[in-house]
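>>> Fold the following and give me the result.
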Amino acid sequence: MLPDCAQARITKSWQEVTDHDAGMPMLTAEAPADAAAATDRASWLACLEAIAEDGGYLEPLGARHWAFFHDDSPTLLMTFETVETIRARLPGQMPFGWTLAKARGWSHLCLIADGMTWWRDPAVWGYVDRLVDDAFFEDFDRVCLYGAGAGGYAAAAFSVAAPGAAVLALAPRATLEPAVAGWDGRDRAARRLDFTSRYGFAPDMTEGAGRVFVVFDPAEPLDAMHAALYRRPWMVPLPARRIGPDPETALAQMGALTPLVEAAVEDRLTPVLWARLWRGRRDHAPWLRAMQAVLAQGPSRRREGVFCRAALARLNIRRLRRRLTEIEAALAAEGVGLPPTRG
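Here you go, the predicted model:
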């Protein structure tokens, strides 16, 4: 017998709202509230299965993966997400890709991983092989694969199955194979996984894709080194300096993640559009604090002061206000001050 949240999915009254704090769309109605109350994984999976059965399916792939599919239109968003991140999203406990696709009438396929598996499982490879054999991706006019971190690696690696698809990868690894990326000391346990047989070295797997967009922080050395391996004519680097190792969360907080994915799906994403979205960092307190910390280590106190003053004109950040007071006092003792504000 299905839980109440599974029965509630039949109602068509779900509406999209915007979570302005997280920048991610969520759904409001009885079904997400009930889904959030499902405390055990079996009930949660039953809810997903019930939601998917009306135009799709939930299929287990081995012991640690599931394929969650809902068919709504000739536009397909394929995402790679983990159980932990999905269940942490309240109130819906639904994949980010599903909430986005549902609100826009797109089809959605999510390959869900239980933990940091990196989707390196023969059961996953076999499922993707079946999609290719069944010409699954040929049924869609437009396909976009999206993921962040390990999911970004998977989005690039599995794009070979969908020729012509767009790829949006946030801070993706190229591989964790020690012979290639032994300089990356993170995720040491994952090095035991097989990154050499099927769908292995992600940059090579993008050869048949359309445009591949790689968002990364050039100031994160290891992420920048992986991004350097994504150098092909069809790849578009989108640098986001000082965004940190988790660009998905930061972009969501800036309100830039949803329009970024939308643009990639709708074939509107360009470096110019990215530059416009990236301007949201100027109203993002964590980015402003990170930049101030960098400037504080530099030789120019006046430059740091100008930055703090400009940031405080947008946001009241206590740390930056204290630092600006210190800088102004130090400059005054030297008989100088900050340059006048413009206009």
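
>>> tell me which element the closest residue to residue 67 other than its chain neighbours falls in.
Computed as CB to CB, 6 or more residues apart in numbering, the closest residue to residue 67 that is not its neighbour in sequence is residue 59, at 4.6 Å. From N, CA and C alone the C-beta is placed, and that goes for glycine too. Using DSSP states H and E, residue 59 maps to strand 56-61.

>>> Same question for residue 321.
Element membership for residue 321 (DSSP H and E) is helix 318-333.

>>> Which positions in that helix come out as buried?
The neighbour-count check on helix 318-333 (16 or more other CB atoms under 10 Å) flags 320, 323-324, 327-328 as buried.

>>> repeat for stretch 136-153
By neighbour count on 16+ other CB under 10 Å, the buried set for stretch 136-153 is 136-137, 140, 142-153.

>>> Looking at those residues, spot the one nearest residue 286.
Of all the buried residues of stretch 136-153, residue 286 sits closest to residue 148, with 16.6 Å by CB to CB.

>>> where are the low-confidence patches of the stretch 1-150 of the chain?
The stretch 1-150 of the chain contains residues with pLDDT under 70 at 1-39.

>>> go again using 90 as the cut-off
1-42, 53-54, 89-92 (pLDDT under 90).

>>> contacting residues around the nearest residue to residue 106 once chain neighbours are set aside?
Counting by CB to CB, 6+ apart, the nearest residue to residue 106 once its immediate chain neighbours are dropped is residue 75, at 4.5 Å. The neighbourhood of residue 75, defined by CB atoms under 8 Å, 6 or more residues apart in numbering, consists of 105-107, 140-143, 265.

>>> Next: residue 296.
Applying CB under 8 Å, 6+ apart, we find residue 296 in contact with 304, 323.

>>> Let me know the distance separating it from residue 243.
19 Å (CB to CB, to the nearest Å).

>>> One more: residue 43?
For residue 43 relative to residue 243 (CB to CB), the value is 36 Å.

>>> more crowded one of those two?
Ranked by neighbour count (other CB atoms under 10 Å), residue 43 and residue 243 place residue 243 first, with 28 against 18.

>>> Next one, pLDDT for the more buried one please.
Looking at residue 243, its pLDDT stands at 97.

>>> That one contacts residue 280, doesn't it?
No: contact criterion CB atoms under 8 Å: residue 243 and residue 280 do not qualify, at 10.8 Å.

>>> Helix, strand, or coil at residue 167?
Look at residue 167: counting by DSSP: H, G, I helix; E, B strand; the rest coil, its state is strand.

>>> That concludes my questions; thank you for your assistance.
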